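[1] Next one to model:
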Amino acid sequence: MLVLVTGVAGFIGAHVARALLARGDRVIGIDNLNTYYPVVLKQARLEQLIGTAPKFRFAPADFADRAALAAALTGESIDAIVHLGAQAGVRHSIEHPRDYVHSNLVGQLEILELARHAGVGHLVYASSSSVYGDTATLPLDAEARADRPVSFYAATKRSNEIMAESYAHLYRVPMTGLRFFTVYGPWGRPDMAPWRFAERVLRGEPLPIYNHGRMQRDFTFIDDIVAGVLAALDRPPADDGAAKPGGSRAPHAVYNLGNDQPEALIDFVALIGKACGVDPVLELLPMQPGDVTATWADIGPARRDLGYDPVTPLAIGIPRFIDWYRAYTGQ
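    Reported below is the predicted structural model:
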C-alpha cells in the first residue's frame with residue numbers, strides 16, 4: 001500500500017511514517033518544514049527515514065498549495081492518506097490566527113480534494129482534544145457537543161471535522177478523524193509541556209504552573225498514538241448508512257485517542273523532576289487564555305472498533321522521554 005503522510009517531519013508524522021515502513025508499506029512524506037519551532041529538529045526526524053528506508057520518499061511541499069501538492073505526487077497512485085500536517089499550538093493561534101487558516105483550513109480543503117479526485121480508499125486526519133472546549137463533563141465523549149472552542153486552533157480542528165463530514169457525505173470517501181489527547185514522548189515538540197518543563201528543571205529555572213496547578217491532562221505516549229493511527233487506517237468506516245462514532249451516517253468516523261487515565265499536572269511535574277533528578281521549583285500562576293482545566297478521553301469506541309489499547313502509563317513514558325531529551329540536547 002502507498003500511503004501519503006502529511007506533516008511527516010513533525011512529531012507524530014515521523015513516528016507514523018516509521019511504523020508504516022516497518023510493516024512494509026510505501027510512504028510518500030510531505031512537509032513544508034516551517035519555522036514554528038527549530039527546523040533542525042524536523043530535519044533530524046527526517047534523517048531517520050531518508051536514505052534508511054528505501055520505500056520512503058520525501059517531498060518538501062506545502063500541502064495547502066494546490067500546485068505544489070500536485071507536483072509532489074506526480075506519477076504516483078496513492079492508496080490512502082494520513083493527514084497529520086497542521087499549524088499546531090493553542091497559544092500561537094491567539095496571536096497568529098492567519099497561520100491556522102492557511103495550514104488547517106485551506107490545507108484541509110486541498111487534502112480533501114486530493115482524496116476525492118484520487119479515489120483513495122481511506123483518509124485518516126488529525127483532530128484534537130481541544131475541540132471539546134473547557135467542558136465539565138468527563139470523560140470527553142465524541143458524541144458530545146463540540147461547538148464552543150476556547151482557542152482558534154481548536155476552532156480550526158473542529159472545522160476540519162465538519163469539512164470531512166461534508167466530503168464523506170457528498171463524495172462517499174471513507175474518512176476517520178482522530179482526536180489526539182496530549183501526546184508526548186521521544187522526538188516531541190519544544191513548545192509542549194514535557195520539553196519546556198524538562199528544559200527549565202535541568203536549568204534550575206522556575207516552572208510556570210497555570211491555574212495554580214489545578215489541572216488534569218490525559219497524557220498519551222507516542223507509541224500508543226501510533227498504534228491507534230495504524231489501527232484506524234486499516235479499518236475505514238463502512239458506507240452502510242449506520243451511525244458511526246461521532247454521529248455520522250456517511251462513511252466518516254471520529255474517535256478519541258487518549259490514555260483513559262487523566263493525571264494531575266502537579267503529579268506530571270513531579271515525574272519530570274524525578275526523571276531529571278532535580279526538585280522542580282514552581283511558579284503558580286492564574287489560568288491563561290485558550291487553556292482548559294481538564295481532559296479525559298472516552299476511548300470506548302476506539303477500543304471496540306479499532307482494538308485500540310494504550311499500554312504506557314505516565315510513570316513509564318516520562319522517563320523514556322527524559323532519556324531521549326537528555327541524549328538529544330546533551331543536557
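
[2] correct me, but residue 139 touches residue 294?
    No. Applying C-beta atoms under 8 Å, one finds residue 139 not in contact with residue 294, separated by 9.8 Å. In this view, the C-beta of every residue, glycine as well, is placed from N, C-alpha and C.

[3] Compare these two (neighbour count), which wins?
    residue 294 (20 against 17; other C-beta atoms under 10 Å).

[4] for the more buried one, what are its contacts?
    Counting by C-beta atoms under 8 Å, 6 or more residues apart in numbering, residue 294 touches 138, 215, 216, 217, 262.

[5] tally of neighbours for the third one?
    In this case it means residue 216. Neighbours of residue 216 (other C-beta under 10 Å): 19.

[6] ok, now the first one?
    The burial count assigned to residue 138 is 15, neighbours taken as other C-beta under 10 Å.

[7] And the closest residue to it other than its chain neighbours, how far from residue 147?
    The spatial neighbour of residue 138 that comes closest, neighbours along the chain excluded (C-beta to C-beta, 6 or more residues apart in numbering), is residue 296 at 4.5 Å. Separation of residue 296 from residue 147 (C-beta to C-beta, to the nearest Å): 20 Å.

[8] Have a look at the two and say which one is more surrounded.
    residue 296 (22 against 9).

[9] Pretty sure residue 218 is one of the things that one touches, is it not?
    Yes. Residue 296 is within contact range of residue 218, at 5.0 Å (criterion: C-beta under 8 Å).

[10] picking that back up, which of the contacts of residue 294 sits closest to residue 6?
    Looking at the contacts of residue 294 and their distance to residue 6, the nearest is residue 217, at 25.7 Å (C-beta to C-beta).

[11] any idea which element residue 166 lies in?
    helix 152-171 (DSSP states H and E).

[12] got a list of contacts for that helix?
    By C-beta under 8 Å, 6+ apart, the surrounding residues in contact with helix 152-171 are 86-90, 92-94, 97, 100-101, 104-105, 108-109, 112, 115-116, 123, 125-128, 130-131, 133, 146-147, 149, 173-175, 177, 246, 248, 250-252, 254, 290.

[13] buried subset of those residues?
    86-90, 92-93, 100, 104-105, 108, 112, 115, 123, 125-128, 130-131, 133, 146, 149, 173-175, 177, 246, 248, 250-252, 254, 290 (16 or more other C-beta atoms under 10 Å).

[14] Filter those residues down to just the ones in strands.
    Those of the buried ones among the contacts of helix 152-171 mapping onto strands are 123, 125, 126, 127, 128, 175, 177, 252, 254, per DSSP state E.

[15] which parts of the worst-scoring helix or strand of the chain on mean pLDDT are buried?
    One helix or strand of the chain scores below all others by mean pLDDT, DSSP states H and E: strand 282-284, with a mean of 77. Within strand 282-284, no residue counts as buried by 16+ other C-beta under 10 Å.

[16] Can you tell me, leaving aside adjacent residues, what's nearest to residue 62?
    residue 32 (4.1 Å).

[17] OK, contacts around the one you found?
    Applying C-beta under 8 Å, 6+ apart, one finds that residue 32 lies in contact with 60, 61, 62, 63, 85.

[18] now those residues as a markdown table including secondary structure, distance to residue 74 and pLDDT?
    Converted to a markdown table, these look like this (DSSP: H, G, I helix; E, B strand; the rest coil; distance: C-beta to C-beta, whole Å; pLDDT from 0 to 100):
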| residue | secondary structure | distance to residue 74 | pLDDT |
| --- | --- | --- | --- |
| 60 | strand | 14 | 96 |
| 61 | coil | 11 | 96 |
| 62 | coil | 16 | 97 |
| 63 | coil | 15 | 97 |
| 85 | coil | 19 | 97 |
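
[19] buried subset of the residues you listed?
    61, 62, 63, 85.
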